[in-house]
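A.B. asks: okay, structure incoming, though there's no sequence with it:
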């Protein structure tokens, strides 16, 4: 395919200079630049699509977490400042980091544990909403 494009003289001089610097013809340099630009745009588009939230399934049951929340209410002061993994009212794992606790729970074969950072009752509540 042949494509003819009119460009300003200054841009053509810059293209010729860069082509010489890279040891290729001006036409080849323009072709390489266009290909690189298209690849970058394609990669950006893929990242944008990957970053968007997607609904994977709509027919999955919602797991009742009331036992986990009751356990948290009863034991929050004992585990203040730590991450816990809960399966019902059973403490599966505890640690200083989310990833550590998640790995421990998976090693025990529990893939749907509720993992939470525990704040004791003596901590002030976080309130969002801007300036007062």
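C.D. replies: Looks like it arrived, so ask away. Worth saying up front: this structure is predicted, and the values here are computed from it rather than measured.
A.B. asks: how far does stretch 94-108 sit from the chain's center?
C.D. replies: Relative to the centre of its chain, stretch 94-108 is centred 19 Å away, using CA atoms, centre = their mean, to the nearest Å.
A.B. asks: contacts for that stretch?
C.D. replies: Surrounding stretch 94-108, the residues in contact under the criterion CB atoms under 8 Å, 6 or more residues apart in numbering are 79, 82-85, 87, 92-93, 111, 113, 115, 117. C-beta coordinates here come from the backbone N, C-alpha and C atoms, glycine included.
A.B. asks: just the buried positions in stretch 58-71, please.
C.D. replies: Neighbour counts using 16 or more other CB atoms under 10 Å place 68, 71 of stretch 58-71 among the buried residues.
A.B. asks: do the same with stretch 33-49
C.D. replies: Of the residues in stretch 33-49, none is buried (16+ other CB under 10 Å).
A.B. asks: could you do stretch 6-21 as well?
C.D. replies: Buried positions in stretch 6-21, judged by neighbour count with 16+ other CB under 10 Å: 15, 19.
A.B. asks: show me what the mean pLDDT comes to for the helix or strand containing residue 115.
C.D. replies: In this structure, residue 115 is located in strand 114-117 according to DSSP states H and E. Averaged over strand 114-117, pLDDT sits at 94.
A.B. asks: who are the packing partners of that strand?
C.D. replies: Under the contact criterion of 3 or more CB pairs under 8 Å, 6 or more residues apart in numbering; DSSP states H and E, the helices and strands touching strand 114-117 comprise helix 66-75, strand 83-87, helix 98-107.
A.B. asks: what strands line up against that strand, and which way round?
C.D. replies: Each strand that pairs with strand 114-117, with its direction, by DSSP bridges: strand 83-87 (antiparallel).
A.B. asks: what does the partner strand contact?
C.D. replies: Under the criterion CB under 8 Å, 6+ apart, residues 68, 71-72, 91-98, 100-102, 104-105, 110, 112-118 lie in contact with strand 83-87.
A.B. asks: now for this protein, the helix or strand with the poorest mean pLDDT.
C.D. replies: For the chain, counting by mean pLDDT, DSSP states H and E, helix 26-51 ranks last in confidence among helices and strands (a mean of 83).
A.B. asks: returning to that earlier point: now the strand holding residue 115: buried residues?
C.D. replies: Buried residues in strand 114-117, counting neighbours by 16+ other CB under 10 Å, are found at 114-116.
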